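# the sequence isn't on hand, but the structure is:
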């Protein structure tokens, strides 16, 4: 069972005057991770390193950002893996304290700042979601919205043309009951589009 995070969590660690600002947060993919790292660089212009690790959708990435190879990104990635996380970005912003920590010291510092941040993080089970799209007559829109609420389906898009097009996201486990309820209510007046499955929390 994969877990993700409900919200970002942070921890600051000081080792021989170097400050490590660790953060773990939900993250969908590599593009989102790179955007977040760019934000951190802008927020901390005085930092010497912004190291990061990502586990998302079965893909992983680790970046030492100039620290000796394997002393920052990989240890942080190992922490995420050890805790069974997915859809999570770990970052550590380092402010240089004037004392070299050595490879072992760096591994410990980066590991600890992420592990400590995770201690205060709320973890959630990562549930597979399915997206369902359909077209229907205008007079059924209100009823379909109510059914969506009852079945935990989130409306992600709606368009009005000759007919109403609606797209919902909901847990895979709720798909069959929701579709059956809609079909029962609509009595053949709803046309379903092809569906896609995504991982989310």
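Perfect, thanks for sending it. Remember, it's a predicted structure, so these values are computed and weren't measured experimentally.

# average model confidence for stretch 164-172?
Across stretch 164-172, pLDDT averages out at 88.

# where do the strands of the chain begin and end?
Ranges of strands in the chain, per DSSP state E, are 3-5, 9-15, 18-26, 49-56, 59-63, 88-95, 123-125, 127-136, 154-160, 164-171, 191-192, 196-200.

# those strands into TSV, with extra columns for distance to residue 70 and mean neighbour count?
Just so you know, the C-beta spots here come from the backbone N, C-alpha and C atoms, and that holds for glycine as well. Output for those, formatted as TSV (distance: least, Cβ to Cβ, whole Å; neighbours: other Cβ atoms under 10 Å):
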stretch	distance to residue 70	mean neighbour count
strand 3-5	25	20
strand 9-15	18	17
strand 18-26	17	22
strand 49-56	11	25
strand 59-63	9	17
strand 88-95	14	26
strand 123-125	27	13
strand 127-136	33	18
strand 154-160	40	12
strand 164-171	38	20
strand 191-192	49	12
strand 196-200	28	13
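
# can you check which of those strands gets nearest to residue 71?
Judged by Cβ to Cβ, the one of the strands of the chain that comes nearest to residue 71 is strand 49-56, at 8.8 Å.

# what helices and strands are in contact with the closest one?
helix 30-43, strand 59-63, helix 73-82, strand 88-95 (3 or more Cβ pairs under 8 Å, 6 or more residues apart in numbering; DSSP states H and E).

# need these in a markdown table with distance to residue 166, can you?
Output for the helices and strands packed on strand 49-56, formatted as a markdown table (distance: least, Cβ to Cβ, whole Å):
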| stretch | distance to residue 166 |
| --- | --- |
| helix 30-43 | 26 |
| strand 59-63 | 31 |
| helix 73-82 | 36 |
| strand 88-95 | 31 |
